[in-house]
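Enquirer: I'll drop the sequence and a predicted model, then ask my questions.
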Amino acid sequence: MGVEAIQLDPPTPAGYHPPNPRAVHKRFQSCPISPFLLCTTATGNSFSGGGFGGSMPQAHELIVQSLEEAGIEYVFGIPGGGTGQIFNLLVGKEDRIKAILCRHEQTAAIMADAYARASGKPAVVMGQGLFIGSNASFGIMESMLSSSPMVVLTDTSDGGNALHPANQSGSGEYGSIDLPTIIRSMTKYTSLATSPKEAVLGTQLAIKHATSGRPGPAAVVMRSASISGEVDVESPPFIHNAAGYLNTAKPQSAPQDIEKAIEILSSAKRPIIMAGNGVHQARAHAQLQQLAEMWGVPVATSYKGKSALAETHPLSLGMAGVYGQEAANLGVGDADAVIIVGAKLSPQDTVREQPNVFDPLTQRIVQIDIDERNAGWTFPIELGLIGDAGSILTQLVEASQEVAPSTASNREEWTASVPGRRSSAGFFDDPAMHVDSSPVTPQRLVALLRQTMPDDTVYALDAGNNRTWMAHLYQSAQAHTFFAPGGTAGMGWGLPAAVALKLAYPDRPVVGVTGDGGYMMTVNALSTAMQYELPMICIVFNDNALGMVRHHQPEGRRIASEFIDTDNSAVARGFGCFGVQVNDSRNLPDALRDAQASGLPSVIDVVIDRGPSPDDWRADLRTAGET
Ligand SMILES: Cc1ncc(C[n+]2csc(CCOP(=O)(O)OP(=O)(O)O)c2C)c(N)n1
Ligand SMILES: [Mg+2]
């Protein structure tokens, strides 16, 4: 029982791999008092009846131990309320788990989301209850809608006074805010800990829920008394090594369902793959490329799936959807079979369900998704393959070995049409990309970024016109180089996300692209970037306006959409960053090179020509009320 009873499943083929619990357990001994107890912590502390000076361990000690056991590397947040006690215990553990002090809970949650997307490992957001429920909610919602594993640890700050008038209380009792309800509404799983043991078990289960099935945010809201109280480790439910709860293999599909998908692919004359965010979250890029190449099948992506396959790959048709490539929308529209991989298919991805893009009446649709509810959500499908995108694509690759080459003649014409489709539809091209000017056109900005930055540069996008220009015109040269906040599509994601991406990619250039509106919302992330020496580059599309809003306001009705003149690079220099404002596109390449050479977090504030509008090329007409 206990430690010895933990069975190791075969290694998960993709996704989050917790540390091997047996390896961790080597450092534990069975407890002389109870066979269920682990007497020595990973750091050498013991917490049985004989440890901690003879007393039981406290919840916050076991919480930190659980994070370590689960292989959590980063805690993003601001100490407050009872969480301060948990932060204190991170001292001395920096080689395994690092606390990153953010300047706002919103940026903490964004950073945890972005780090998880890049690393495949859950990150923790930690801070005081009401400020997690209010400020961090932006990032929690995005991670919920973009399936990003996140663990939220927070408290109710009731101070044991929940039933009387209490300061800053989120206990949910009369006179306080109902924090568990707020957080539950935007997470996969939220538990309310009313005892020390519940705080520990809740943390362990939050890690499990965050990473299992379709990943997402999972939270523990801890009553004040539960955080520092003693945990009775001698009676059930027992506290086990958290890693042992995470060893589940990723789900695969039944062989007969794989065969059915292969039959659909092999009989199709014009099959296409539509790849989404699930390819990123499952890290299934190599399998996707392999399947596409075996069958000679073109690949389109959703917005969040951008760079699931490098857009320079000869089979890529780029991003489909409202802001996508015409080649991708026409390609999907001409297909007779569509293999959708990890894409929920929002209206922006389907061009508002226009039948000349996706049409379940004429297309055979196979949808691969980790969540059964997502397969056959937007459209009726012929077959839903439920499981991990990496595992299922691997199954499909294996099942394709003979049949793909032997049926190649079915698709010969279709595969041969891909280069023509790319060149005829203004693929990642626009005349303005080639013309220098002052102020800088958004098109030229994207072109120069693409020309100047190395192919392995990692991008975080934001909201507004700037993100549509980037998504539409920037041709990704490597897989998994674009990170997009397409869950809520909220302004302010790009800069903090870039800071966290630099933690995940210390040796690659990382660029956050944002509008001036979005920049101002989370500019505080620059201070964190300076503190932890994370030299990412932030590009600001400075049109002195909420550009997307302003474009949609008729002449004479422009209101609340224009800023005062601001030099966003001067703000950055105030933080100690490298900062430069660029008015003329001819100066942009040097600015990019100087930023990289500076070795500092950098901001390049590009003064943008307000004229060009994404509405000039978007794939559908904007509807009233849409920003
Ligand atoms: C947090 C947030 N508030 C409001 C919106 C609605 N909205 C969408 S785009 C936009 C304007 C964005 O302005 P800016 O960041 O300067 O980007 P630009 O469009 O000028 O490139 C607004 C207000 C949003 N997406 N996110
Ligand atoms: Mg703007």
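Expert: Alright, I've got the coordinates. Ligands and ions are numbered 1, 2, ... in the order given.
Enquirer: which other helices and strands contact the helix or strand hosting residue 512?
Expert: Using DSSP states H and E, the element containing residue 512 is strand 510-515. The helices and strands touching strand 510-515, judged by 3 or more CB pairs under 8 Å, 6 or more residues apart in numbering; DSSP states H and E, are strand 458-460, helix 465-473, helix 494-504, strand 537-542. Where you see a C-beta, it was placed from the backbone N, CA and C, and this is true even at glycine.
Enquirer: Turn the ones you listed into JSON lines, columns for distance to ligand 2.
Expert: JSON lines is the format used below for those (distance: least, CB to the ion, whole Å):
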{"stretch": "strand 458-460", "distance to ligand 2": "17"}
{"stretch": "helix 465-473", "distance to ligand 2": "7"}
{"stretch": "helix 494-504", "distance to ligand 2": "12"}
{"stretch": "strand 537-542", "distance to ligand 2": "6"}
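Enquirer: still on that earlier bit, the strand holding residue 512 pairs with which strands, parallel or anti?
Expert: Partners of strand 510-515 in the sheet, by DSSP bridges, are strand 458-460 (parallel), strand 537-542 (parallel).
Enquirer: Around ligand 2, which positions in this structure sit nearby?
Expert: 515, 516, 517, 543, 545, 547 (CB under 5 Å from the ion).
Enquirer: make it 6 Å
Expert: Counting by CB under 6 Å from the ion, the residues of the chain lying close to ligand 2 are 515, 516, 517, 541, 543, 545, 546, 547.
Enquirer: For the first one, give me its contacts.
Expert: To tie it back to what came earlier, the one meant is residue 515. 462-467, 491, 540-541, 543, 546-548 (CB atoms under 8 Å, 6 or more residues apart in numbering).
Enquirer: again, 6 Å this time
Expert: Residues in contact with residue 515 (CB atoms under 6 Å, 6 or more residues apart in numbering) are 464, 466, 541.
Enquirer: Of those, which is the most crowded?
Expert: With neighbours taken as other CB atoms under 10 Å, the top of these is residue 466, carrying 32 neighbours.
Enquirer: For the residue lying closest to that residue once chain neighbours are set aside, give its distance to residue 571.
Expert: Excluding the flanking residues, the one nearest residue 466 by CB to CB, 6 or more residues apart in numbering is residue 541, at 3.8 Å. Applying CB to CB, to the nearest Å, the value for residue 541 to residue 571 is 15 Å.
Enquirer: same thing with residue 155?
Expert: Relative to residue 571, residue 155 is positioned 33 Å away (CB to CB).
Enquirer: next one: residue 282
Expert: Applying CB to CB, the value for residue 282 to residue 571 is 38 Å.
Enquirer: same check, this time on residue 91
Expert: Taken as CB to CB, the span from residue 91 to residue 571 is 32 Å.
Enquirer: Could you check which of those two is surrounded by more residues?
Expert: Taking other CB under 10 Å, residue 91 and residue 571 do not tie; residue 571 has more neighbours (18 against 8).
Enquirer: tell me the pLDDT at the more buried one?
Expert: pLDDT for residue 571: 97.
Enquirer: So it: helix, strand or coil?
Expert: Reduced to three states with DSSP: H, G, I helix; E, B strand; the rest coil, the structure at residue 571 is helix.
Enquirer: which residues of the stretch 501-627 of the chain fall in strands?
Expert: 510-515, 537-542, 578-582, 602-607 (DSSP state E, counting those that start in this stretch).
Enquirer: Can you add distance to ligand 1 and mean pLDDT and give the ones you listed back as JSON lines?
Expert: Shown next, in JSON lines, are the strands of the stretch 501-627 of the chain (distance: least, CB to the nearest ligand atom, whole Å; pLDDT from 0 to 100):
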{"stretch": "strand 510-515", "distance to ligand 1": "2", "mean pLDDT": "99"}
{"stretch": "strand 537-542", "distance to ligand 1": "5", "mean pLDDT": "99"}
{"stretch": "strand 578-582", "distance to ligand 1": "16", "mean pLDDT": "99"}
{"stretch": "strand 602-607", "distance to ligand 1": "11", "mean pLDDT": "99"}
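Enquirer: Present those strands as CSV; the columns should include distance to residue 270.
Expert: Compiled in CSV, the strands of the stretch 501-627 of the chain are given as follows (distance: least, CB to CB, whole Å):
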stretch, distance to residue 270
strand 510-515, 35
strand 537-542, 38
strand 578-582, 45
strand 602-607, 41
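Enquirer: give me phi/psi at the residue most central in space within the chain?
Expert: Closest residue to the average C-alpha location of the chain: residue 117 at 3.9 Å, with CA atoms, centre = their mean. Backbone geometry at residue 117, expressed as degrees, to the nearest 10, gives phi -60, psi -40.
Enquirer: Kindly state the pLDDT recorded for it?
Expert: Value for residue 117, per-residue pLDDT: 98.
Enquirer: mind checking how far it is from ligand 1?
Expert: Residue 117 sits at a distance of 19 Å from ligand 1 (criterion: CB to the nearest ligand atom, to the nearest Å).
Enquirer: Can you name the residues that contact that residue?
Expert: If you count contacts by CB under 6 Å, 6+ apart, residue 117 has them with 148, 483.
Enquirer: which residue sits closest to the closest residue to ligand 2 within the stretch 301-450 of the chain in space, ignoring its chain neighbours?
Expert: In the stretch 301-450 of the chain, the residue that lies nearest ligand 2 is residue 442 (10.2 Å; CB to the ion). Of all residues not flanking residue 442 in the chain, residue 469 sits nearest, at 4.3 Å (CB to CB, 6+ apart).
Enquirer: Could I get the pLDDT score of the one you found?
Expert: If you check residue 469, the pLDDT there is 98.
Enquirer: tell me the contacts of residue 84?
Expert: With contact set as CB under 6 Å, 6+ apart, residue 84 has no partners.
Enquirer: From ligand 2, how far out is it?
Expert: Going from residue 84 to ligand 2 by CB to the ion, to the nearest Å gives 38 Å.
Enquirer: Contacts only, for the residue of the stretch 351-500 of the chain found nearest ligand 2.
Expert: Among the residues of the stretch 351-500 of the chain, residue 464 lies closest to ligand 2, at 6.0 Å counting by CB to the ion. Applying CB under 6 Å, 6+ apart, we find residue 464 in contact with 515, 547, 548.
Enquirer: Out of the residues you listed, flag the one nearest to residue 62.
Expert: Proximity of the contacts of residue 464 to residue 62, judged by CB to CB, is greatest for residue 515, which lies at 43.9 Å.
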